[in-house]
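Chemist: Here is my input, please return the structure:
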Amino acid sequence: MTDKFKFWSTLIIGFIAALSWTPFLIERLSRKKLDGKIISQYSNFTKDKKEILLLYKISVVSRNKDFFLKDIDLKIKFNSSDFLNSTARNNRLTVFTWDKPKRLIVPDKEFLNNISVLSKNEPVVGYLSFLIPYDKDEPVEEVQFLFKSYNNKVKSLVFKTADIKQEKLLFDDTIWEDFDFNDERFKELVK
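Modeler: Numbering: from 1, shown residues only. The predicted structure follows:
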């Protein structure tokens, strides 16, 4: 074998080896990013009319890397408010009063704050519930979902008024059932 052949064959083998590492390096160097959209948005005043209960159904995907989810917070701005903050919550009983009282019947496993990993490039659809200290019935100007990781990193999804078009939102009748405040099963929870 000539020196020229050894040089070129070594160079080609080295180049092929370097190429095989490229996907690994791209994955390691790519930034973690969250993308998503609002599917549904429900709001209702609490009994004393001093707080608003918000329920969102959103789709979210963690781009490039897994996201280890510790908590989800909400920052929301109504037309005449500053940003108000809340943390995603689980309620044993959630009742919305539109024309008549309706009880939310979504299983706990469908709430995003009950999962711990948003797997890489796999969309997840789920619900988030928040209680906001606000007493005015106004349109939402901006919503920010803050996804907090165990290593204190925060990734956010931000939606402005133009992104939250009522005609594009889904009202899902299957997650509600009629509710009677005198139902014995819920006597302890309704006060």
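Chemist: make it CA atoms for all contacts and neighbour counts henceforth
Modeler: Will do.
Chemist: can you pull the contacts of residue 117?
Modeler: With contact taken as CA atoms under 8 Å, 6 or more residues apart in numbering, residue 117 is in contact with 66, 67, 68, 69.
Chemist: How many residues are close by residue 176?
Modeler: A count of neighbours around residue 176, defined by other CA atoms under 10 Å, yields 16.
Chemist: Domain boundaries for this protein, per the record?
Modeler: 1-30, 33-186 (automatic domain parsing).
Chemist: Next, format those domains as a markdown table and append mean pLDDT.
Modeler: Output for those, formatted as a markdown table (pLDDT from 0 to 100):
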| stretch | mean pLDDT |
| --- | --- |
| domain 1-30 | 72 |
| domain 33-186 | 90 |
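Chemist: Need the phi and psi values for residue 134.
Modeler: The main-chain torsion angles of residue 134 are listed as degrees, to the nearest 10 and equal phi -150, psi 140.
Chemist: which one of the domains of the chain has the most crowded surroundings?
Modeler: The highest average neighbour count among these, using mean count of other CA atoms under 10 Å, belongs to domain 33-186 at a mean of 16.
Chemist: just to revisit the earlier point, now, which of the contacts of residue 117 sits nearest residue 45?
Modeler: Comparing the contacts of residue 117 against residue 45 with CA to CA picks out residue 69 as the nearest, at 28.7 Å.
Chemist: what's next to the strand or helix carrying the closest one, contact-wise?
Modeler: Taking DSSP states H and E as the criterion, the element that holds residue 69 is strand 67-78. Applying CA under 8 Å, 6+ apart, the contact partners of strand 67-78 are 32, 83-88, 113, 115-120, 130, 138-150.
Chemist: Mind doing that once more with 7 Å?
Modeler: In this structure, residues lying in contact with strand 67-78 by CA atoms under 7 Å, 6 or more residues apart in numbering are 83-88, 113, 116-119, 138-150.
Chemist: Quick check: neighbours of it in the sheet, parallel or antiparallel?
Modeler: In the sheet, strand 67-78 lines up against strand 83-87 (antiparallel), strand 117-118 (antiparallel), strand 140-149 (antiparallel) (DSSP bridges).
Chemist: Tell me the first helix or strand C-terminal of the shortest one.
Modeler: Just to be clear, that refers to strand 117-118. Once strand 117-118 ends, the next helix or strand along the chain (criterion: DSSP H and E) is strand 124-132.
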